[in-house]
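Asks: here is my input, please return the structure:
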Amino acid sequence: VFSNVSGQSEDKIRQVEKERDTTIRILLKTKFYLKLHKETNVLPPSTMKQIDQGFIIFIRPYAERIYPNTIPRNEEIVKEVYTFATPGEYQPLSIGLYPLTTIKGLKVSLTDLKSKKGIISKEHLNLRQAYLQPLKAKEEGIAEIGYNILEVAKIVDIAGRKSRKWGIEVGNTKQFWLTIKVPRNTKPGKYLGAMKFISQNTKSVVINLTLEVLPFTLLNDPNSTWGCDYFPKIDLKHWDWIEDWKEHNMTGYGIYTRPLWIESDGELHLNFDDFDQWMDYYKKGGLTGPIDLVLGDVGALVDEIPKRLKCKKFSTDWNKHFVFTVKEMLKFFKENDYPPIHLWTVDEPDGQENTPERRKNMRGCINALKTIPEAIISGLPNSDKSVIDFMFDMHCPTIYPPQVTKEILARAKQKGIKIIIGGGPLRNPKGARLKNGLWHWRTGVYGQTFWNYYIPKGDPLNDLDGKDACMVFPSRYDKRSMNPTITWECCRE
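Replies: From the prediction side, this is the model:
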């Protein structure tokens, strides 16, 4: 379950989990979360029925976060929920539980959604508990608000599976995330169901659910792309990851491998072992492309290769070797019917990397690739004015949201450049939802890529050992599963 206790005994794993839970309890008792998130809402006077129930159920817009010290707004406290979706769509609901007393053995169950025209089985309803994972900030000893991670806890009573029970302390708000997957063959109309909350020491609460299925389907845009960068080296036993990419409608991804290989003889060679494995995942996942192939960071391209070839940077000899090797690589891609491959050449040059000499070398690298008609040049120039213009020498650059201005969009359109929005927000579900919907339509960009799918620092389940940057995290209960963050789920919706 934990990266740093892999291969250890179950007793060791339980001990690590116990220590983690102890840490969380200390953080709660010391008002740690209050320091991170200042709650300004005031709880409306509780009714006798709510006091008798022992807790309050509230519905919050799914792109707004719920924290352990969140207090529900009056308009969020409801007895029934209405939502809508189209056939084939995933529709999320964010449900909060505010305890008025300590709750023992909470259990949540769902019913089928029924109408006169058919049934949406509760097997298509996925209910998870969200928990907050704070992150260690750059300043020593300081933490910041982190991810809302959706724990793999299908607490729906289906197929004989036991529901998971929770104990919830008073004042510790819990968030549940319900995803409704509407089957593609669902007929339009209103489907009715319910969610039931039962505990050992409080009365049950029933929230009625109404899902209206609309009489049309949404279409995929064949002229756009969406994906993630940075993945661990995986094998086919992680097939569920590929299924996850498909469910989130990913079309491609960034591959941080290097088919350009430098041998001790100073010659450039091609090695496709890792790349072939990624192409296998690509085909099995039903992706459509394109693929960002990171040839190596700028340092590798403009320093390491010329040094090994014993020639001056971007001399005729360097261009000859480099261009010939890239041509052979692209020839291989074409002969094996690979998807469009974007050659990633510039990766956020800043600080010591952003010097006049380095910029000259980066320009030389791009110019070398421009002599290859079939090469599709991409990369990530940063916001520095000395580097941002590099994007206009690329076919499909990735730029950060603040750079997506009317001026840049107009210049890119004039030159026939396809822009991809890059970067986070990793911990901002509202921003994720905005960028993967409205922004694409308003700006006409080619697509979006997130950094990154899964690359934790240290133990991915240790809240404060490093600044993790992931769309998914390992489950604490099922070592075969990965848990999505709410940001990742907002990308899907």
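
Asks: may I have stretch 121-130 as CSV, with CA atoms only?
Replies: Extracted in CSV, the C-alpha atoms of stretch 121-130 (Å, rounded to 0.1, in the frame of the first residue of the first chain):
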residue,chain,number,x,y,z
SER,A,121,-28.6,0.6,-11.9
LYS,A,122,-26.8,1.6,-8.7
GLU,A,123,-23.8,-0.2,-10.2
HIS,A,124,-23.4,2.9,-12.3
LEU,A,125,-23.3,5.1,-9.1
ASN,A,126,-19.8,5.5,-7.6
LEU,A,127,-19.8,6.9,-4.1
ARG,A,128,-16.4,7.8,-2.4
GLN,A,129,-15.3,9.6,0.7
ALA,A,130,-13.0,12.6,0.1
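
Asks: list the buried residues for that stretch?
Replies: Residues of stretch 121-130 classed as buried: K122, H124, L125, N126, L127, R128, Q129, A130 (neighbour count, 16 or more other Cβ atoms under 10 Å). Where C-beta positions appear, they are placed from N, C-alpha and C, glycine not excepted.

Asks: just give me the neighbour total for the nearest residue to N41 once chain neighbours are set aside.
Replies: Closest residue to N41 apart from its sequence neighbours, by Cβ to Cβ, 6 or more residues apart in numbering: I71 at 4.2 Å. A total of 18 residues lie near I71 under the criterion other Cβ atoms under 10 Å.

Asks: contacts only, for I71.
Replies: Going by Cβ atoms under 8 Å, 6 or more residues apart in numbering, I71 touches E39, N41, V42, L43, Y98, T173.

Asks: also G167?
Replies: T102, I103, K104, G105, L106 are the contacts of G167 under Cβ under 8 Å, 6+ apart.

Asks: who does the closest residue to K190 other than its chain neighbours bridge with?
Replies: Leaving out its chain neighbours, the residue that sits closest to K190 by Cβ to Cβ, 6+ apart is E212, at 5.0 Å. The partner list for E212 in beta bridges (DSSP bridges) reads F84, K190.

Asks: just the pLDDT for E212.
Replies: With respect to pLDDT, E212 scores 98.

Asks: same question, Y98
Replies: Y98 is given a pLDDT of 92.

Asks: in a helix, it, correct?
Replies: No. Going by DSSP: H, G, I helix; E, B strand; the rest coil, the assignment for Y98 is strand, not a helix.

Asks: coming back round to it: out of the contacts of G167, list just those in helices.
Replies: Within the contacts of G167, no residue falls in helices by DSSP state H.

Asks: would you reformat the residues you listed as TSV and include distance to T83, pLDDT and neighbour count?
Replies: Shown next, in TSV, are the contacts of G167 (distance: Cβ to Cβ, whole Å; pLDDT from 0 to 100; neighbours: other Cβ atoms under 10 Å):
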residue	distance to T83	pLDDT	neighbour count
T102	31	88	15
I103	26	88	23
K104	31	87	14
G105	29	84	13
L106	23	86	24
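
Asks: ok so, going back, got the buried residues of stretch 121-130 as JSON lines, with pLDDT columns?
Replies: Converted to JSON lines, the buried residues of stretch 121-130 look like this (pLDDT from 0 to 100):
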{"residue": "K122", "pLDDT": "92"}
{"residue": "H124", "pLDDT": "95"}
{"residue": "L125", "pLDDT": "93"}
{"residue": "N126", "pLDDT": "88"}
{"residue": "L127", "pLDDT": "88"}
{"residue": "R128", "pLDDT": "86"}
{"residue": "Q129", "pLDDT": "84"}
{"residue": "A130", "pLDDT": "84"}
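
Asks: the strands in the stretch 51-200 of the chain, which residues?
Replies: According to DSSP state E, counting those that start in this stretch, the stretch 51-200 of the chain carries its strands in the segments 55-60, 80-85, 90-99, 103-110, 113-115, 118-120, 125-136, 143-151, 166-168, 174-181, 189-198.

Asks: pick out the shakiest of these, pLDDT-wise.
Replies: Looking at these, the bottom one is strand 143-151 with a mean of 57.

Asks: ok, back up a step: list just the one of the strands of the stretch 51-200 of the chain that sits closest to P259.
Replies: strand 143-151 (33.5 Å; Cβ to Cβ).

Asks: looks to me like K331 is in a strand.
Replies: No. Counting by three-state DSSP, K331 falls outside a strand, being helix.

Asks: wait, what's in contact with the residue nearest to K190?
Replies: E212 neighbours (Cβ under 8 Å, 6+ apart): Y82, T83, F84, A85, G189, K190, Y191.

Asks: okay, and for the stretch 151-300 of the chain, where does confidence drop off?
Replies: Along the stretch 151-300 of the chain, the model assigns pLDDT under 70 to residues 151-166, 230-239, 256-258, 262, 264-266, 295-300.

Asks: gap between the closest residue to I421 other than its chain neighbours and L93?
Replies: Nearest residue to I421, sequence neighbours excluded (Cβ to Cβ, 6+ apart): Q448, at 4.8 Å. Using Cβ to Cβ, to the nearest Å, one gets 24 Å for the distance from Q448 to L93.

Asks: same question for D389.
Replies: Applying Cβ to Cβ, the value for D389 to L93 is 45 Å.

Asks: these two - which one has more neighbours?
Replies: L93 (21 against 12).

Asks: burial count for the nearest residue to the more buried one once chain neighbours are set aside?
Replies: Nearest residue to L93, sequence neighbours excluded (Cβ to Cβ, 6+ apart): L178, at 4.4 Å. As a burial measure, L178 scores 21 neighbours (other Cβ under 10 Å).

Asks: same check, this time on K38
Replies: By the measure other Cβ under 10 Å, the count of residues near K38 is 8.

Asks: which helix or which strand is home to G227?
Replies: For G227, the element it lies in under DSSP states H and E is strand 225-229.

Asks: so the nearest residue to T371 once chain neighbours are set aside: helix, strand or coil?
Replies: Closest residue in space to T371, ignoring its immediate chain neighbours: V323 at 6.0 Å, by Cβ to Cβ, 6+ apart. Taking three-state DSSP as the rule, one finds V323 in the helix state.

Asks: just the C-alpha atoms of stretch 388-395, please, in CSV.
Replies: Once non-C-alpha atoms are left out, stretch 388-395 reads as follows in CSV (Å, rounded to 0.1, in the frame of the first residue of the first chain):
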residue,chain,number,x,y,z
ILE,A,388,8.1,33.3,-25.2
ASP,A,389,8.8,34.1,-28.9
PHE,A,390,10.2,30.6,-29.3
MET,A,391,6.7,29.3,-29.5
PHE,A,392,6.3,31.0,-32.9
ASP,A,393,9.0,28.8,-34.3
MET,A,394,7.1,25.7,-33.2
HIS,A,395,4.1,23.9,-34.7
